[in-house]
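1. sequence plus the predicted model coming up.
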Amino acid sequence: MKNQHQITPSWDQIRRAPKVLLHDHLDGGLRPGTIVELAHETAPRRLGGAGGTPVPPLPETDPDKLGVWFREAADSGSLERYLETFSHTVGVMQTREALVRVAAECAEDLAEDGVVYAEVRYAPEQHLAGGLSLEEVVEAVNEGFREGELRARRGGRRIRVGALLTAMRHAARALEIAELANRYRDLGVVGFDIAGAEAGYPPTRHLDAFEYLKRENNHFTIHAGEAFGLPSIWQALQWCGADRLGHGVRIIDDIQVLDDGTVELGRLASYVRDKRIPLELCPSSNLQTGAADSYADHPIGLLRRLHFRATVNTDNRLMSGTSMSREFDHLVEAFGYTLDDLQWFSVNAMKSAFIPFDERLAMINDVIKPGYAELKSEWLFQQTASTRGSLASDG
Ligand SMILES: O=c1[nH]cnc2c1ncn2[C@@H]1O[C@H](CO)[C@@H](O)[C@H]1O
Ligand SMILES: [Zn+2]
């Protein structure tokens, strides 16, 4: 008999499965309708965008069309072009009210999708054009996350959201942002990250920030191994001391699959696997920036088979038109993943979160495992010909 755990999960089960998200950009997940409304409100003032550059007019004012525009514009095969689309989201996130709203909706949307724990990142330095201070930005986003958690709870959903403060790798404010992350530690901020175009901006440019965080016993992840390969991953781990890798998908370049199917790991890939370094993999985002050709060809299949600490993430829900459920669904379709696989990814992610160990453990044992157990037992209660008790056939 087929092991019932091996049954392909339905879309409805994927949606209800408790999911954990470690890599999601706040400015990459706005509702298109919210962008339109906020752009309308700020239009008279035309606040400066990131770095004070003027905000370009929205390419579409119909929310549905705007959503499509983001997906298509981000679908360029280049990380640099993909990142250009953010001027439209960052541009409308320059006031306290806008930040509270966007953060609250983010938490609500994730909860609605069945995410129970999320770490959401953004770069405070990109939200100063309306006159806010770095502290005011962080406090507005925190307020929004708390509000969204509350609204979710009122709607019968449970979610916990932690913030990661990102520094932009082409800028020179990493130490300042790291200090900010440290100041708001235990106040809604759980760690630090650097993001932005990878080529030409190695993580070692920001060593002072990483060394500071290490001295403070704080946590950080680094976008590495997305548009650039092994040297970037190596630097992030061995020079900077990253706890996790944002993407890290290019670790595949250090893995050789031989003709007879045996696999050889290079020194760096071995290190990553041996040390259980979490990989924040983002399949849909990688297809758009050219890091992978199709879901079926995405390295996550091999990395999962080889038991790397792989996690599944959305990166930018707006630009990729995705959600955690959609990412899982793509992988179920490409690799035949079962509820056991989805649980494995979720437990991996929860183990790798930046909140304290006892809380991670409680999330795994009291939320994630019971949630999957519930889903995995559903087949027992389905009415079939053999349980119906009458001679009427199934037809
Ligand atoms: O996949 C990515 N790789 C590198 N940088 C990114 C990615 N997605 C978003 N950002 C950058 O991170 C900033 C803060 O959230 C965004 O504004 C965007 O520029
Ligand atoms: Zn990212």
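-> Received the coordinates, thanks. Ligands and ions are numbered 1, 2, ... in the order given.
2. and the stretch 1-150 of the chain, which of its residues are near ligand 1?
-> His25, Asp27, Gly28, Leu79, Leu83, Phe86, Val90, Arg121, Tyr122, Ala123, Gln126 (CB under 6 Å from any ligand atom). Every C-beta, even on glycine, is put in place using the N, C-alpha and C of the backbone.
3. buried ones in stretch 351-369?
-> Buried residues in stretch 351-369, counting neighbours by 16 or more other CB atoms under 10 Å, are found at Lys351, Ser352, Ala353, Phe354, Ile355, Arg360, Met363, Ile364, Val367, Ile368, Lys369.
4. any chance you could map the helices in the stretch 201-350 of the chain?
-> Ranges of helices in the stretch 201-350 of the chain, per DSSP state H, counting those that start in this stretch, are 207-215, 230-234, 267-274, 283-289, 300-305, 317-320, 324-335, 339-351.
5. quick one: residues contacting the spatially closest residue to Trp234 that is not a sequence neighbour.
-> Spatially, and ignoring its direct neighbours in sequence, Trp234 is nearest to Leu268 (5.7 Å; CB to CB, 6 or more residues apart in numbering). Residues near Leu268 by CB atoms under 8 Å, 6 or more residues apart in numbering: Leu230, Ile233, Trp234, Leu237, Ile251, Asp254.
6. now the strands: where do they sit in the stretch 1-150 of the chain?
-> 19-25, 115-122 (DSSP state E, counting those that start in this stretch).
7. which residues touch the shortest one?
-> Identification of contacts with strand 19-25 by CB under 8 Å, 6+ apart yields 106, 110, 113-122, 166, 195, 221, 244, 246-247, 278, 280, 282, 311, 313-317, 324-325, 328, 342, 346, 349-350, 352-353, 363, 368.
8. so it versus helix 324-335, what angle?
-> 110 degrees (axes from the mean of the first three to the mean of the last three CA atoms, to 10 degrees).
9. chain center to strand 19-25, what's the gap?
-> Taking the mean C-alpha point of strand 19-25 and that of its whole chain, the gap between them comes to 3 Å (CA atoms, centre = their mean, to the nearest Å).
10. swap in the longest one?
-> With CA atoms, centre = their mean as the basis, the distance from the averaged C-alpha position of strand 115-122 to the chain average is 7 Å.
11. show me what that strand packs onto, helices and strands only.
-> Strand 115-122 sits against strand 19-25, helix 96-112, strand 160-168, strand 189-195, with contacts defined as 3 or more CB pairs under 8 Å, 6 or more residues apart in numbering; DSSP states H and E.
12. partners of it, with directions?
-> Applying DSSP bridges to the sheet, strand 115-122 is found paired with strand 19-25 (parallel), strand 160-168 (parallel).
13. so can I have CSV of the ones you listed showing mean pLDDT, distance to Asp293 and mean neighbour count?
-> Formatted as CSV, these follow (pLDDT from 0 to 100; distance: least, CB to CB, whole Å; neighbours: other CB atoms under 10 Å):
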stretch, mean pLDDT, distance to Asp293, mean neighbour count
strand 19-25, 99, 21, 28
strand 160-168, 98, 28, 24
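14. with respect to Leu258, which of those strands lies nearest?
-> Proximity to Leu258, assessed across these by CB to CB, is greatest for strand 19-25 (31.4 Å).
15. in the stretch 51-200 of the chain, what residue lies closest to ligand 1?
-> In the stretch 51-200 of the chain, no residue comes nearer to ligand 1 than Ala195, which is 3.5 Å away by CB to the nearest ligand atom.
16. list the contacts for that residue?
-> His25, Arg121, Ala123, Thr166, Ala167, Met168, Arg169, His223, Gly246.
17. quick one on the thing from earlier: okay if I get the helices and strands packed on strand 115-122 as CSV plus distance to Arg273?
-> Shown next, in CSV, are these (distance: least, CB to CB, whole Å):
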stretch, distance to Arg273
strand 19-25, 18
helix 96-112, 29
strand 160-168, 24
strand 189-195, 22
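18. most tightly surrounded among the helices of the stretch 201-350 of the chain?
-> helix 317-320 (a mean of 26; mean count of other CB atoms under 10 Å).
19. distance from the chain centre to that one, please.
-> The answer for helix 317-320 is 11 Å, by CA atoms, centre = their mean.
20. what about this protein, any weak spots by pLDDT?
-> Counting by pLDDT under 70, the chain has low-confidence residues at 1-6, 43-55, 392-395.
21. can we see that at 50?
-> Residues of the chain meeting the criterion pLDDT under 50: 1, 47-52, 395.
22. touching the longest helix belonging to the chain from outside, list them.
-> Criterion DSSP state H: the longest helix present in the chain is helix 134-154. The contact list for helix 134-154 (CB under 8 Å, 6+ apart) reads 26, 96, 99-108, 111-112, 120, 122, 124-125, 127-128, 132, 158-161, 163, 165, 176-177, 180, 183-184, 187-189.
23. how much does that helix deviate in direction from helix 96-112?
-> 40 degrees.
24. can you name the residues of the stretch 151-300 of the chain sitting close to ligand 1?
-> Thr166, Ala195, Gly196, His223, Glu226, Ser285.
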